[in-house]
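K.L.:
here is a sequence together with a model predicted from it:
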Protein chains: 2
Amino acid sequence: MLSDIEPVNRESTASIIARQLRDAIMTGALQPGTQLGEAELAARFEVSRGPLREAMQRLVSEGLLRSERHRGLFVIDLEPGDVYDIYASRAAIERAAAIRIMRGDTDSAVAVLSEALDEMVSAADDPDPNALPESDLRFHEALVRASGSRRLVRMARTLLIETRMCLAALQRTDQHGDDRVAEHTEIIEAMKAGDEQRVLELLDAHMEDAITRLAPGSSLHSGPPPSVPADGVDIAG
Amino acid sequence: MLSDIEPVNRESTASIIARQLRDAIMTGALQPGTQLGEAELAARFEVSRGPLREAMQRLVSEGLLRSERHRGLFVIDLEPGDVYDIYASRAAIERAAAIRIMRGDTDSAVAVLSEALDEMVSAADDPDPNALPESDLRFHEALVRASGSRRLVRMARTLLIETRMCLAALQRTDQHGDDRVAEHTEIIEAMKAGDEQRVLELLDAHMEDAITRLAPGSSLHSGPPPSVPADGVDIAG
DNA sequence: TTTACTAGGATTGTCGACAATCCTCACGGA
DNA sequence: TCCGTGAGGATTGTCGACAATCCTAGTAAA
C-alpha cells in the first residue's frame, strides 16, 4: 500500500511541541494554574525559545493557556462553572455531529463507532482506572470525526482535552462502567434504527448524566451557573 | 467612570498582529490562497519576524491559515463544501447559545439583541452594501456573547470570520434587507415570549435561509455535500 | 520534444543575545 | 507595626543573523 507516503513535508516543530504540551496538560502532568517557564521547557524539548513560543501561542488561541504579558503563560484553571460550560459546548457540537451522521453516511459511522464501543467494553475490565474514561472520550472523538465536518472536529478537540482536564482534576474515574457502556450502546442502536430524534435525546441525556456525575447541581437543563463571559487579559487573541 | 482602567498589562504584540491579520483575511484584503511572506509582513507591521510568526501560529490553530513546512503560510481557500460546513457549525453554536439565553438571563440578552437589531435597521438604509451584512453578523456575535459561555464565544469567533470570508468571496451582499431584519425581529420576539422551542426553530430556519442564499442546493436539512474530513498538512496543530 | 540535472535566488526554520518589564525582599521612615 | 522605596534577580519580549530547505531557470543529454 502507498497509503502512507506522507512523511514528506513532515510536521512542523511547533506542532510537535504543541501536541506534547496538550498531552501534558490534559493528563494533568501540567496542572491547572502552572506557569510555563520558557527557558525550562525549551531545555526540556531541546529546542530554542523560538519554536517553543510559537507552540505556546497556539495553545493560547485554543484557550488551553492564559497569557499575561511580561508575566508568563499559565495553564488555565477550571472553575466550577467551566465544567458546565465544557459539557454544554460538547453537547452542542456532538449533537450537530450526530445530525450530520444521521443525514449522511450513517452506516460507516455506525461501523466506526461500534469499533470504539468494543474498545470501551474491554476497557471496562482493564485494571487501569483511566482506561475506561479514555476509551469513552475516544468514542466521542470518533463520533465527531464521523460527521465529516472539519470545523466540528477542530472545535471538539479542545473541548475533549478540557474534559480530560476535568476528569484529571476531579479524580472522578467513576466506577459505573456498565452504565456508560450501555448508554453508548443505546446511541449506536438508535443510529442503526435510523431514529434521529432518539439519537439526539440519548446524546443529551448522556451529557446530562456526565455533568451530574462530575458537578452535581449544575444541570444542563436547569439554567447555567454564573459563568463569566468576560475573559482575562489577551482575549482578543 | 473607572470602567476602563485596563490598559495596564496591555495586549501582546502577537495579539495585535493576529487581530489585524484576521481583519485582513475576513475583509478579503488577503484573499484565500494568498501566501503570507514573513519578511514582507514583518516590514509592514514594523516588527521582527519573531512576534509575526507567533501571531501566524495562532491563526493556524484557528484554522484561518494553512501551514506547509518550508513553503510558507497560506490563507485557507474555501471550497464549496465549506460554506455548508461553516453554517452548519454556526447553527450548532448559536442554537446552544440560544438555549442558554432562554434558560438564563433572557431579559438582558433581549436588551442587547434589540440594540443590535436597531443597528441593522439603520444599516438597511445605509448606501454602503457591506453595512447590513456587517450588522447582521454583529447581531449573531452578540447572541453568542449573551449566552455567557466563554467557549461558545471562542468557537463562534472563527466561524463568523469565515462567514465574512464567504460573503466577501461570493460577493453576495444580497438585497433582501427587509427580510433579514424581519427574521431577526421574530427571534427576539420569541425570546421575549419565552418560547424556547420557537426561538430554536426560527434560528434553524434563519441559518437555512442564509445557506440557500449563498450556496443553493446545499441545504442544512438534506444531507451534507462531500466535505472531506481529512485535513491538509499540519492538522495536528 | 522531453527529461534529468544543476546552480542561483528566495523563503522559511532555528538560534543566541540584548533590552524591557516584573516580582521579591530587604531597608528605612512614619 | 505598617507603608513606601529601591536594588537585585529572574523572566519575558524582541531582534538580527545563520543554517536548512524549496522553487525556478537554464543547460545538456536522450
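P.N.:
Arrived safely, thanks for sending. Nothing here was measured: the structure is a model prediction, and the numbers come from that model.

K.L.:
tell me the pLDDT at the most centrally placed residue in chain A?
P.N.:
When chain A is reduced to its mean C-alpha position, the nearest residue by Cα atoms, centre = their mean turns out to be A:Leu160, at 0.5 Å. The score at A:Leu160 is 97. That number is its pLDDT.

K.L.:
which neighbouring elements make contact with whichever strand or helix holds it?
P.N.:
Applying DSSP states H and E as the criterion places A:Leu160 in helix A:150-170. Counting contacts by 3 or more Cβ pairs under 8 Å, 6 or more residues apart in numbering or on different chains; DSSP states H and E, helix A:150-170 packs against helix A:13-27, helix A:80-102, helix A:131-146, helix A:196-214, helix B:80-102, helix B:150-170. All C-beta atoms are positioned from the backbone trio N, CA, C, and that covers glycine.

K.L.:
so which bits of chain A are right by DNA strand C?
P.N.:
Residues of chain A found near DNA strand C (Cβ under 7 Å from any atom of the strand) are A:Ser12, A:Thr13, A:Ala14, A:Glu46, A:Val47, A:Ser48, A:Arg49, A:Gly50, A:Pro51, A:His70, A:Arg71.

K.L.:
6 Å instead, please
P.N.:
A:Ser12, A:Thr13, A:Val47, A:Ser48, A:Arg49, A:Gly50, A:Pro51, A:His70, A:Arg71 (Cβ under 6 Å from any atom of the strand).

K.L.:
would you map out the domains in chain A?
P.N.:
If you go by automatic domain parsing, the domain ranges for chain A are A:13-75, A:80-214.

K.L.:
want to throw these into CSV with distance to B:Ile76?
P.N.:
Shown next, in CSV, are the domains of chain A (distance: least, Cβ to Cβ, whole Å):
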stretch, distance to B:Ile76
domain A:13-75, 15
domain A:80-214, 10
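
K.L.:
how about the nearest residue to A:His108, chain neighbours excluded?
P.N.:
Careful, residue A:108 is Ser and not His. Spatial nearest neighbour of A:Ser108, excluding adjacent residues (Cβ to Cβ, 6 or more residues apart in numbering or on different chains): A:Ala146 at 7.3 Å.

K.L.:
which residues touch the one you found?
P.N.:
Applying Cβ atoms under 8 Å, 6 or more residues apart in numbering or on different chains, we find A:Ala146 in contact with A:Ala97, A:Ile101, A:Ser108, A:Ala109, A:Val112, A:Leu113.

K.L.:
7 Å - rerun?
P.N.:
A:Ile101, A:Ala109, A:Val112, A:Leu113 (Cβ atoms under 7 Å, 6 or more residues apart in numbering or on different chains).

K.L.:
who wins on neighbours among those residues?
P.N.:
A:Ile101 (26 neighbours; other Cβ atoms under 10 Å in any protein chain shown).

K.L.:
tally of neighbours for A:Glu115?
P.N.:
Neighbour tally, A:Glu115, other Cβ under 10 Å: 12.

K.L.:
contacts only, for the residue nearest to A:Arg138 when sequence neighbours are not counted.
P.N.:
Nearest residue to A:Arg138, sequence neighbours excluded (Cβ to Cβ, 6+ apart): A:Ala116, at 5.8 Å. By Cβ under 7 Å, 6+ apart, the residues touching A:Ala116 are A:Arg138, A:Phe139, A:Ala142.

K.L.:
by neighbours, which of those wins?
P.N.:
Counting by other Cβ under 10 Å, top hit in the contacts of A:Ala116: A:Phe139 with 21 neighbours.

K.L.:
for that one, which non-adjacent residue is spatially closest?
P.N.:
A:Ala116 (4.2 Å).

K.L.:
what's the helix or strand for that neighbour?
P.N.:
Using DSSP H and E, A:Ala116 sits within helix A:106-124.

K.L.:
just checking, A:Val181 is part of a strand?
P.N.:
No - A:Val181: not assigned to a strand; according to DSSP: H, G, I helix; E, B strand; the rest coil it is helix.

K.L.:
go ahead and confirm it touches A:Asp118.
P.N.:
No - here A:Val181 does not reach A:Asp118: they are 10.1 Å apart, not a contact under Cβ atoms under 7 Å.

K.L.:
these two: which is more packed in?
P.N.:
Taking other Cβ under 10 Å, A:Val181 and A:Asp118 do not tie; A:Val181 has more neighbours (19 against 11).

K.L.:
in contact with that one, which residues?
P.N.:
Going by Cβ under 7 Å, 6+ apart, the list of residues near A:Val181 reads A:Met120, A:Val121, A:Ala124.

K.L.:
of those, the lowest pLDDT goes to which?
P.N.:
Minimum pLDDT for the contacts of A:Val181 is recorded at A:Ala124 (89).

K.L.:
for burial, what's the neighbour tally of that one?
P.N.:
Neighbours of A:Ala124 under the rule other Cβ under 10 Å: 15.

K.L.:
quick check: it vs chain B, distance?
P.N.:
Shown here: A:Ala124 relative to chain B, a distance of 28 Å by Cβ to the nearest Cβ, to the nearest Å.

K.L.:
quick check: that residue touching A:Leu132?
P.N.:
Yes - using Cβ under 7 Å, A:Ala124 makes contact with A:Leu132 at a distance of 5.6 Å.

K.L.:
where does the prediction get shaky in chain A?
P.N.:
Applying pLDDT under 70 to chain A picks out residues A:1-9, A:172-175, A:177, A:217-237.

K.L.:
enumerate the residues of chain A near DNA strand D.
P.N.:
Listed as neighbours of DNA strand D in chain A under the rule Cβ under 6 Å from any atom of the strand: A:Gly37, A:Glu38, A:Ala39, A:Arg49, A:Gly50, A:Arg69, A:His70, A:Gly72.

K.L.:
between those residues, which is closest to A:Arg154?
P.N.:
Among the residues of chain A next to DNA strand D, A:Gly50 lies closest to A:Arg154 (Cβ to Cβ), at 25.2 Å.

K.L.:
how much space between that closest one and A:Ile17?
P.N.:
11 Å (Cβ to Cβ, to the nearest Å).

K.L.:
who's more crowded, these two?
P.N.:
A count of neighbours by other Cβ under 10 Å puts A:Ile17 above the other of A:Gly50 and A:Ile17, at 23 against 15.

K.L.:
who touches that one in this structure?
P.N.:
Going by Cβ under 7 Å, 6+ apart, A:Ile17 touches A:Phe45, A:Pro51, A:Leu52, A:Ala55.

K.L.:
for the last one, grab the count of nearby residues.
P.N.:
For A:Ala55, the tally of surrounding residues (other Cβ under 10 Å) stands at 29.

K.L.:
part of a helix, is it?
P.N.:
Yes - looking at A:Ala55 with three-state DSSP, it is inside a helix.
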